[in-house]
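Trainee: Fold the following.
(chains A and B)
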Amino acid sequence: DTEVTQTPKHLVMGMTNKKSLKCEQHMGHRAMYWYKQKAKKPPELMFVYSYEKLSINESVPSRFSPECPNSSLLNLHLHALQPEDSALYLCASSHEGQETQYFGPGTRLLVL
Amino acid sequence: AQSVTQLDSQVPVFEEAPVELRCNYSSSVSVYLFWYVQYPNQGLQLLLKYLSGSTLVKGINGFEAEFNKSQTSFHLRKPSVHISDTAEYFCAVSGGGGKLIFGQGTELSVKP
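Mentor: Model (predicted):
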């Protein structure tokens, strides 16, 4: 099974709201990733977690706060976002030390 | 540093015709290469990957790709496309440390 699930599928939020995106995988992968994708562009890496520890932060603004509560779950907490943060947010996972990443269906976020 | 160039931003083709989507890469280390497909309003799905071994890689949905080290290419091919192959295709190279370096994408449009 190579399934990564993400909730919600769609999210609309105001600039003062606080919301969270969730990602889950049950493949035993120990590396998990958050990407941001704008329309007609490739995904851009935001964060990498390895064995539940943050290993890469690609200079993402602090209004995005990742959390990895356990090896199967990855959250992205959102606060005080800007309209330009509207995008498709993708989660991915892989076996630690292996290069193949498996992506979830994404959460389409609209910030008003 | 690794980089990926997808030589065509759009490829229109008629149904049942063959197609080739071109990808060139640059890497100073061992190369792991991937093709992902993204259907409208969905996440990325792994089509195929080259990690080592045979340079001709077969993937899902009848796609295949050939790793050519001398030409630093990893072109994707399908002998006969269907309407359902209409999607965005991304070539990617592993950048090490869990990073995937994506090309800018090729929009494949299959016409009846």
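Trainee: Apart from its chain neighbours, what residue comes closest to the residue of chain B found nearest chain A?
Mentor: In chain B, no residue comes nearer to chain A than B:Phe102, which is 3.5 Å away by CB to the nearest CB. All C-beta atoms are positioned from the backbone trio N, CA, C, and that covers glycine. Distances taken as CB to CB, 6 or more residues apart in numbering or on different chains place A:Pro42 nearest to B:Phe102, at 3.5 Å, with adjacent residues excluded.
Trainee: Settle this for me: the one you found is touching B:Glu88, isn't it.
Mentor: No. Judged on CB atoms under 8 Å, A:Pro42 makes no contact with B:Glu88 at a distance of 9.1 Å.
Trainee: hang on, the earlier thing: dump the residue contacts of the residue of chain B closest to chain A.
Mentor: Neighbour list for B:Phe102: A:Pro42, A:Pro43, B:Val4, B:Phe90, B:Cys91, B:Ala92 [criterion: CB atoms under 8 Å, 6 or more residues apart in numbering or on different chains].
Trainee: Residues of chain B that sit close to chain A?
Mentor: Counting by CB under 8 Å from any CB of the partner chain, the residues of chain B close to chain A are B:32, B:34, B:36, B:41-46, B:49, B:51, B:88, B:90, B:94, B:97-100, B:102-105.
Trainee: Check those residues for burial and list the buried ones.
Mentor: Among those, the ones that count as buried by 16 or more other CB atoms under 10 Å in any protein chain shown are B:32, B:34, B:36, B:43-46, B:49, B:88, B:90, B:94, B:98-100, B:102-103, B:105.
Trainee: For the chain, which residues score under the pLDDT cut-off?
Mentor: Going with chain A. A:1-2 (pLDDT under 70).
Trainee: Provide the secondary structure category for the residue in it positioned nearest to chain B.
Mentor: The minimum distance from chain A to chain B, using CB to the nearest CB, falls at A:Pro42 (3.5 Å). Of the three states, A:Pro42 takes coil according to DSSP: H, G, I helix; E, B strand; the rest coil.
Trainee: pull the longest strand from chain B.
Mentor: Assignment by DSSP state E gives strand B:87-96 as the longest strand of chain B.
Trainee: That strand packs against which elements?
Mentor: Packed against strand B:87-96 by the contact rule (3 or more CB pairs under 8 Å, 6 or more residues apart in numbering or on different chains; DSSP states H and E) you find strand B:3-6, strand B:23-26, strand B:33-38, strand B:73-78, strand B:99-102, strand B:106-111.
Trainee: Can you mark which positions in it are buried?
Mentor: Buried, per 16+ other CB under 10 Å, within strand B:87-96: B:Ala87, B:Glu88, B:Tyr89, B:Phe90, B:Cys91, B:Ala92, B:Val93, B:Ser94, B:Gly95.
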